[in-house]
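# model this:
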Amino acid sequence: MTSVNDVRTETEDPGPSGYAAARLRLLQEEARSGPPRRSALADLTDDWLTELFGRGAQGVSLVAVGGYGRGELSPRSDLDLLLLHDGSADPGEIAALADRIWYPVWDLGLALDHSVRTPAEARKTAGDDLKVHLGLLDARHIAGDLGLTAGLRTAILADWRNQAPKRLPELREMCEERAERQGELQYLLEPDLKEARGGLRDATALRAVAASWLADAPREGLDDARRRLLDVRDALHLTTGRATDRLALQEQDQVAAELGLLDADTLLRQVYEAARTISYASDVTWREVGRVLKSRSVRPKLRAMLGGGKQAPVERSPLAEGVVEMDGEAVLARAAKPERDPVLPLRAAAAAAQAGLPLSLHAVRRMAAAARPLPTPWPAEAREQLVTLLGAGRTTVDVWEALEAEGLITRLLPDWERVRCRPQRNAVHTWTVDRHLVETAVQASELTRRVGRPDLLLVAALLHDIGKGWPGDHSVAGEIITRDVAARIGFDRTDVAVLASLVRHHLLLIETATRRDLEDPATVRAVADAVGSVGTLELLHALTEADALATGPAAWSSWRGSLVADLVKRVSAVLAGDEPVDEETAAAAEPTAEQERLSVEAFRTGGPVLSLRAQTEAVGTADGPEPLGVELLIAVPDQPGVLPAVAGVLAMHRLTVRTAELRSLSLPEGVEGSVLLLNWRVAAEYGSLPQAARLRADLVRALDGSLDIAARLAERDAAYPRRRGVVAPPARVSLASAGSRLATVIEVRAQDAPGLLYRIGHALEASGVRMRSAHVSTLGANAVDAFYVTGLDGAPLPSEEAVSVAKGLEGALRA
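Residues are numbered from 1 along each chain as shown. Model prediction:
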C-alpha cells in the first residue's frame, strides 16, 4: 500500500491563495447564480481539496457529507468533511494527512465540520446519532479510494432502510421539536430559512424519508421550493457577509435587490410560498409514513386471524356523495366522477373537515385535474358546502391547505391569489393575510350560535381582509371585491349588501369602542347609521371578536371585549328606536363607590388621591382566567396640566400604560366644583410596582411645578439608551370631524414609547385647549389614542384652530 505521506501533488505545498481568488471571482460573477453557482463552488472546492489530499493513496478517501455532499455550497456554508480510512495506515500518517487538509481550510476562515473514521466507526456513530446518519446519506466522494467511499455509502443506505421503522419516528419527532422551537417559516417576519418548519432542514428530512423506500414526498414543486430557499440563503450570505440563515428585517430589502425582486414583500411572499410547499409535502409524507408503519404492525395479526395468506378487506365508510373514508383519510369513492360533478371539491372538503379527516393527496390531485369549473352564480349546494367547510372549526385549516396546494382555492375564488402568502408587517399579526382569513373563519365557527345568519358570518370572516391585496384602504377595496364574490357565490342582493357592509365596517366596532367617548350620543349615532340594522350589528359584533382572536394575543382581551359589548348595547338601543341620552342634559354614568370616595377626598384635601390595586378577576376567556392588569385610579381637583403630570410620573416610575380614561366627575349634590377622574391600567416594565404613597408624592410635586418631569425623563433616557431596532413610521395626528358634537376629537397614532403620553399631554396643554376626556390604548407596539378637547369656553374648537392644534401636536411628536 502506498504511504499517505508519500502521496503529493505536482505542487508540493498547495496554498489557499489560488482557491481563495478563484472563489472570490466566482461569487462576484453576476451572470452565474443559483444552482449553477452552488454547483461550481462545490466543484471548485472539490478540486482544491483534491489537491490538498494528494493522489494515489489506497485505503483512504476524502468524503463530503451533508449540504456539501449534495453539492449545495452557499457563499458562507461550512464544509462537512469525513476523512475515511480502512484502518491499515499508520495513525500518525492519517493525522498528518488530516492536518494537511484541515489547516488550509481554517486559514481561509471557512467553517469546517470534520471527522476521521473507519467505515465501521462511521456506521456505529450513525447508529448512535441520527444527525450523523442523515449527513452520511448524502455522502459524496471527493478524493482517494473510490471503492472505500462507495462501500460506506452502500452500507449507510442499507442501514437506513433496514432501520427505517425505528429511525423515521425519531426523525419525525426531531422535526416536530425543531418546529416548536423555531416556528413556521411561512408566517415569520424574520424567518430562519434552515431551521423553521418548512425550511431547508425539512426538505432534507423529506429526502431521507424517500431514501428509506418506505414512503415518498409529493414531488411537484418540491425541488423548486428548495431551490428558491437556497437562492435566498445565497443572497443573504452575499449581502451580509455572514454565515446566517435568519432573514432579518433590516436585510430583506438588500436580499430582494440581490435577487432582482421588486421589494422585501415580494421576497417574503416567495419564501412563504416555498415554505408552504415544503410544509404541505411534509404533512402528506409523515401521514403516509404513519399509515405504512401502522399497517406493517397490524398486518401479521390480521393474517393470523384470517388464516394464512388471505388479504384483509379494505374498509371504506361513506362520508358524502362521492366521498368515503379509507385508512384514516377522506378519499373519492370508486363511483365518483369529478369531471361531471363541479361541486365535488367543495363537498369532499366539507365532508373531510366535518369528519376531522385529512383530504387525501390523490383525491385532491384527481379533482384538480378533472373537476369542471362551477357555473356563475354557484348552485345552492356549492354555497352550502363552502359554509359547511368554513364552519367545521380547527379541521378546516388542513383541508383548506390541501385544496390550496393544488390550486383549487384560486379556481374557486380567483381574488384569493392577491392575498395568498401575503405578509403582514405588523407585529400584532401572527399570520399571513390568507391564513388570517381562514383563522378568522375558524374563530367565527365558535360564535355561530350568537347570530341569526351564521352563513353570512362565516363568509364575511373569510373575506373581511380580501382587499389587502389592493392599493388604498383595504376595507373600501374589500367591500367592492366582496360584492362581486358574494354575487358569484350565489347570495341574493340583500345578503350581498350585508356581506359588503360587514367587510367595509369590520374595524368599526373595535376602533370606536377603544378610541371614542361612548357617552357621546354622536359616537353611538354614527355607528348606528353605518350599521343600519340590529341583524347586521349582531354579525359585526361576532366578526369583530373572531377577527381579533385570529389576529394574535395582543389584539383581544376581556377589557376590549367589554368595551365592544358596551358599544353594541348602546347602538342596539338606537337601532331599536331609543335615542341615546345627551351628555349635556342627563347625568353621566354613575360613579362607583370607590370613585366617589376618591373624588370627595380629592376635593376636600385639594390634592391628588389615588388607589393602586391588582385586578385579578377574569372575564369570559376560553383559556381560563385572564388578568386584567393593575388598576390605578386617580382623582384630582379640576385644574390644567393633570394629564401630562400623571403620565410623566408614571413614565418616571417605568410604568407602561395599557389603557387610560380621563373624564370630569361632578361631585355629590350640595358640593360645588368638579374633579378629574383618571382610570389607568398599567404594568411595570420590570420589577415590582411602586408604592402608592411614593406615586402620590411625586404627583403632588409635578402638579405644583417643583418636579421637573422633562429633565428627569431626559436623564433616564441618557442613562439607559433604547436599543436600536426597526425604524417605526412617524407619528400621525388627525381630526375626527364627525366624532362628537360636544368636543373636537384628536386622534394620535404613534409608536409606543416611554413618556409618549406625557409628551402628548404637554403639547395639548401648551396649545391652550381644555381636555374633556381621553381614551388611550396600546396595541402591541402601537399607541392609538383619542382626545376630546374644547376651547376655554367649553365649545368645540373652530376648524382652523383645530387643524393648528393637530399640526402642532404632530410636529412635537415627530421632533
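
# surely Leu792 touches Arg770?
Yes - under the criterion of Cβ atoms under 8 Å, Leu792 lies in contact with Arg770, with a separation of 6.0 Å. From N, CA and C alone the C-beta is placed, and that goes for glycine too.

# ok, the two, which is more surrounded?
Of the pair Leu792 and Arg770, Arg770 is the one with more neighbours under other Cβ atoms under 10 Å, namely 19 against 8.

# got any ranges where this protein has weak pLDDT?
Low-confidence segments of the chain (pLDDT under 70): 1-16, 56-57, 298-314, 578-590, 614-629, 667-673, 685-687, 719-728, 779-782.

# tell me the centre residue of it?
In the chain, the centroid-proximal residue (Cα atoms, centre = their mean) is Thr430; its distance is 3.0 Å.

# which non-adjacent residue is nearest that residue?
Excluding the flanking residues, the one nearest Thr430 by Cβ to Cβ, 6 or more residues apart in numbering is Gly552, at 4.3 Å.

# how near is the one you found to Gly198?
Plainly put, Gly552 is 20 Å away from Gly198 if you go by Cβ to Cβ, to the nearest Å.

# who has more neighbours, these two?
The neighbour comparison of Gly552 against Gly198 (other Cβ under 10 Å) goes to Gly198, with 30 against 19.

# list phi and psi for that one.
phi 90, psi 10 (degrees, to the nearest 10).

# please tell me I have it right and it contacts Tyr187.
No - in this structure, Gly198 is not within contact of Tyr187 by Cβ under 8 Å, at 9.3 Å.

# contacts for stretch 633-646?
Under the criterion Cβ atoms under 8 Å, 6 or more residues apart in numbering, residues 594-595, 598-599, 601-603, 606-612, 662, 664-665, 673-680, 699, 702-703, 709, 757-762, 764-765, 771, 774 lie in contact with stretch 633-646.

# okay, buried residues for it please.
Leu633, Ile634, Ala635, Val636, Pro637, Asp638, Gly641, Val642, Leu643, Pro644, Ala645, Val646 (16 or more other Cβ atoms under 10 Å).

# do stretch 547-560 as well
When burial is assessed from 16+ other Cβ under 10 Å, stretch 547-560 yields the following buried residues: 547-552, 554-560.

# inside helices: which ones of the residues you listed?
Asp547, Ala548, Leu549, Ala550, Thr551, Ser558, Trp559, Arg560 (DSSP state H).

# among these, which pair sits farthest apart?
Set against one another by Cβ to Cβ, those have their most distant pair in Ala550 and Trp559, with a gap of 18.5 Å.

# tell me the SS of Thr682?
One thing to correct before we go on: residue 682 is Val, not Thr. In terms of secondary structure, Val682 is strand; the call rests on DSSP: H, G, I helix; E, B strand; the rest coil.

# disregarding residues adjacent in the polypeptide, which is nearest to it?
Residue nearest to Val682 in three dimensions, not counting chain neighbours: Leu655, with 4.4 Å by Cβ to Cβ, 6+ apart.

# ok, the residue lying closest to Gly59 once chain neighbours are set aside - how many residues close by?
Excluding its sequence neighbours, the residue lying closest to Gly59 (Cβ to Cβ, 6+ apart) is Asp86, at 4.1 Å. For Asp86, the count of nearby residues is 17 (other Cβ under 10 Å).

# which residue sits closest to Lys337, ignoring its sequence neighbours?
Gly322 (7.6 Å).

# also Ile278?
The shortest distance from Ile278 to any residue other than its chain neighbours is 4.6 Å, reached at Gly198 (Cβ to Cβ, 6+ apart).

# OK, contacts around the one you found?
Listed by Cβ under 8 Å, 6+ apart, the contact set of Gly198 reads Glu184, Leu185, Gln186, Ala274, Ala275, Arg276, Thr277, Ile278, Ser279, Ser282.

# format these as JSON lines; extra columns: secondary structure, distance to Asp129 and neighbour count.
JSON lines is the format used below for the contacts of Gly198 (DSSP: H, G, I helix; E, B strand; the rest coil; distance: Cβ to Cβ, whole Å; neighbours: other Cβ atoms under 10 Å):
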{"residue": "Glu184", "secondary structure": "strand", "distance to Asp129": "27", "neighbour count": "19"}
{"residue": "Leu185", "secondary structure": "helix", "distance to Asp129": "25", "neighbour count": "28"}
{"residue": "Gln186", "secondary structure": "helix", "distance to Asp129": "30", "neighbour count": "26"}
{"residue": "Ala274", "secondary structure": "helix", "distance to Asp129": "29", "neighbour count": "29"}
{"residue": "Ala275", "secondary structure": "helix", "distance to Asp129": "27", "neighbour count": "28"}
{"residue": "Arg276", "secondary structure": "helix", "distance to Asp129": "31", "neighbour count": "25"}
{"residue": "Thr277", "secondary structure": "helix", "distance to Asp129": "29", "neighbour count": "24"}
{"residue": "Ile278", "secondary structure": "helix", "distance to Asp129": "24", "neighbour count": "27"}
{"residue": "Ser279", "secondary structure": "helix", "distance to Asp129": "26", "neighbour count": "23"}
{"residue": "Ser282", "secondary structure": "helix", "distance to Asp129": "22", "neighbour count": "23"}
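
# can you redo these as a markdown table with distance to Arg123?
Supplementary listing: the contacts of Gly198 in a markdown table, determined by distance: Cβ to Cβ, whole Å:
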| residue | distance to Arg123 |
| --- | --- |
| Glu184 | 35 |
| Leu185 | 33 |
| Gln186 | 37 |
| Ala274 | 34 |
| Ala275 | 34 |
| Arg276 | 37 |
| Thr277 | 34 |
| Ile278 | 30 |
| Ser279 | 32 |
| Ser282 | 28 |
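
# contact partners of the host helix or strand of Glu401?
Here Glu401, judged by DSSP states H and E, is contained in helix 395-405. Applying Cβ under 8 Å, 6+ apart, the set of residues contacting helix 395-405 from outside is 276-277, 280, 283, 345, 349, 352-354, 356-359, 361, 364, 389-390, 392, 409-410, 412, 420, 434-435, 438-439, 441-442, 445.

# same thing but 7 Å
280, 345, 349, 352-353, 356, 358-359, 364, 389-390, 409, 438, 441-442 (Cβ atoms under 7 Å, 6 or more residues apart in numbering).

# kindly report the same for stretch 808-815.
Applying Cβ under 7 Å, 6+ apart, the contact partners of stretch 808-815 are Pro730, Ala731, Arg732, Val733, Ile746, Ala750, Arg759, Ile760, Ala763, Leu764, Ser767.

# correct me if wrong: Leu188 contacts Glu195.
No - when contacts are counted by Cβ atoms under 7 Å, Leu188 is not listed as touching Glu195 (10.8 Å).

# so for those two, which sits in the more crowded spot?
More neighbours sit around Leu188 than around the other of Leu188 and Glu195, counting by other Cβ under 10 Å; the figures are 23 against 18.

# quick check: nearest residue in space to that one, chain neighbours excluded?
By the measure of Cβ to Cβ, 6+ apart, the closest residue to Leu188 outside its immediate chain neighbours is Ala196, 6.2 Å from it.

# dump the residue contacts of that neighbour.
For Ala196, the contacting residues are Gln182, Gly183, Glu184, Leu185, Leu188, taking Cβ under 7 Å, 6+ apart as the criterion.

# my guess is Arg316 contacts Met326. True?
Yes - shown here, Arg316 and Met326 form a contact pair, counting by Cβ under 7 Å, at 4.9 Å.

# who's more crowded, the two?
Legend: neighbour count by other Cβ under 10 Å for Arg316 and Met326, higher for Met326 (17 against 13).

# backbone dihedrals for that one, please?
With angles defined as degrees, to the nearest 10, Met326 sits at phi -150, psi 130.

# my guess is it contacts Leu332, does it?
No - proximity of Met326 to Leu332 does not meet the contact threshold set by Cβ under 7 Å, at 9.7 Å.

# all helices of the stretch 51-200 of the chain, in order?
Counting by DSSP state H, counting those that start in this stretch, the segments of the stretch 51-200 of the chain that form helices are 66-69, 91-107, 119-128, 130-136, 146-162, 164-182, 200-211.

# thanks a lot, see you next time.
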